[in-house]
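# Sequence plus predicted model, see below.
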Amino acid sequence: MITRRAATAGLGLALFAPAVRAQALTPIKFTLGWKTQGSDAPYFVARDKGYFREAGLDVTIDQGEGSGATVTRIMGGAYDAGFGDINAIIQNAATRPADTPVMVYQMWNQPPFALVAKKSSGIATVKDLEGRKLGGAPGTPTTRLLPVFAKANNLDMAKLTVTSMAPNLQEPMLIQGQIDAALVFNITSYFNLVLNRQDPDKDFVWFAFGDHGLDLYSNGMMVSQKLLKDNPKAVAGLVKAVNRANVEVAADQNMGMAAVRNYDGLVNIPVEKRRLQYAFDKLIMSPELKEIGAGDVKDDRLARAIGMVVTGYELTRTPAPAEIFNRSFLPARAEREMAYKMT
């Protein structure tokens with residue numbers, strides 16, 4: 001009887017142990033910046049390889065509604081963390097600093113904001129934009145920062161005509177010649193053109209804001225103020241897991257794309273692999289990243305970027321860099337060394 005009871009108790013403990021381990025994981029609701037894209041690969045790799053679980057986290061990843069919407073989703077309490085735009089953090093921190101999420105891992109070191117025009121339009125320089133019709137989606141950083149871009153490049157805003165339109169109409173109207181240039185996110189517009197059977201390199205000219213006076217930061221991983229205060233260990237684990245996956249994806253995009261496919265079997269793998277590589281080429285790899293490592297920012301550059309956003313959005317308060325970015329959860333510099341190799 002004693003033996004049977006002992007065996008039964010042991011079996012009960014064995015059956016109960018997985019439940020205990022499962023309960024010990026901290027649930028994290030994570031929102032992407034948009035629908036599933038190849039550039040999201042690090043988050044899926046961290047999930048599939050168990051890096052989140054190793055950090056004691058049970059991370060649920062949902063598709064997003066825009067990189068700016070990531071901020072409002074987290075502020076509304078529906079999500080604990082997400083991938084979104086640091087400039088939207090700046091915008092909201094100016095008026096609601098206690099509620100606005102904080103960036104803890106800067107993924108895109110360079111901004112995706114750009115103007116794109118058909119080469120056949122005759123637009124070859126920024127100055128050629130004067131007297132032309134531009135198409136922009138209302139509220140997007142590219143559109144809102146156009147006056148700052150114009151000032152930095154000696155453009156007369158009075159000579160620019162900006163037509164408001166939905167983002168999905170920008171490339172079709174550009175192709176059809178209904179607008180002369182579009183105010184876009186390059187990593188989105190480039191592949192919209194590809195999907196419209198255009199050659200974005202051969203037939204279009206691009207004016208990246210980052211190359212023309214607007215040295216801004218862009219998308220990265222942010223967390224809620226609540227998570228930051230209530231569970232800093234979870235934040236550290238989240239950052240460590242994503243950084244590890246990000247470094248691995250830089251070295252092996254095929255591995256990254258396998259994780260993307262596991263998450264969403266409907267993605268166009270060839271296009272999304274190109275998007276992933278485009279992200280590394282245009283938005284992630286930079287002299288600054290090689291100097292300070294993946295995930296970090298330079299405070300003086302961030303302060304200048306905050307000033308540009310305050311001007312562009314006509315904000316009434318200028319947030320301090322410490323309100324926008326928190327580097328205290330970053331892994332050691334050696335763990336954030338990134339060597340990108342196209343695979």
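Structure's in. What do you need? Numbering: from 1, shown residues only.
# residue boundaries of the helices in the stretch 1-150 of the chain?
For the stretch 1-150 of the chain, the helices defined by DSSP state H, counting those that start in this stretch cover 2-24, 41-48, 51-54, 69-75, 86-93, 141-144, 146-152.
# Show me what the fourth one packs onto, helices and strands only.
Right, the one you point to is helix 69-75. Under the contact definition 3 or more C-beta pairs under 8 Å, 6 or more residues apart in numbering; DSSP states H and E, helix 69-75 sits against strand 26-31, strand 81-85, helix 86-93, strand 219-223. Any C-beta I mention is one placed from the backbone N, CA and C, and that applies to glycine too.
# starting at the chain centroid, how far to the second one?
Which is strand 81-85. 6 Å (C-alpha atoms, centre = their mean, to the nearest Å).
# ok, and which of the helices and strands packed on helix 69-75 has the densest surroundings?
Looking across the helices and strands packed on helix 69-75 with neighbours counted as mean count of other C-beta atoms under 10 Å, the highest average goes to strand 81-85: a mean of 29.
# Let me know the average pLDDT across it.
Averaged over strand 81-85, pLDDT sits at 95.
# That one: partners in the sheet, and parallel or antiparallel?
Its sheet considered, strand 81-85 pairs with strand 26-31 (parallel), strand 219-223 (antiparallel) by DSSP bridges.
# who's in contact with stretch 299-319?
If you take C-beta atoms under 8 Å, 6 or more residues apart in numbering as the criterion, stretch 299-319 is touched by 86-87, 90-91, 93-95, 97, 141, 144-145, 147-148, 214-217, 288, 321, 324-325.
# What residues sit buried inside it?
Neighbour counts using 16 or more other C-beta atoms under 10 Å place 302, 305-306, 308-310, 312-313, 315, 319 of stretch 299-319 among the buried residues.
# Can you add pLDDT and give these back as TSV?
Rendered in TSV, the data for these read as follows (pLDDT from 0 to 100):
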residue	pLDDT
Leu302	97
Ala305	95
Ile306	96
Met308	90
Val309	91
Val310	93
Gly312	84
Tyr313	86
Leu315	92
Pro319	97
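# Show me what the host helix or strand of Ser189 is packed against.
Secondary structure assigned from DSSP states H and E places Ser189 in helix 186-195. The helices and strands touching helix 186-195, judged by 3+ C-beta pairs under 8 Å, 6+ apart, are strand 113-118, helix 167-176, strand 204-208, helix 269-278.
# angle of that helix against strand 204-208?
Between helix 186-195 and strand 204-208, the angle formed by their directions is 170 degrees, by axes from the mean of the first three to the mean of the last three C-alpha atoms, to 10 degrees.
# So Gly293 is in contact with Arg333, correct?
Yes. Gly293 is within contact range of Arg333, at 4.9 Å (criterion: C-beta atoms under 8 Å).
# Of the two, give the one with the bigger neighbour count.
When Gly293 and Arg333 are compared on other C-beta atoms under 10 Å, the one with more neighbours turns out to be Gly293, at 19 against 12.
# Quick check: chain neighbours aside, which residue is closest to the more buried one?
Residue nearest to Gly293 in three dimensions, not counting chain neighbours: Arg336, with 3.5 Å by C-beta to C-beta, 6 or more residues apart in numbering.
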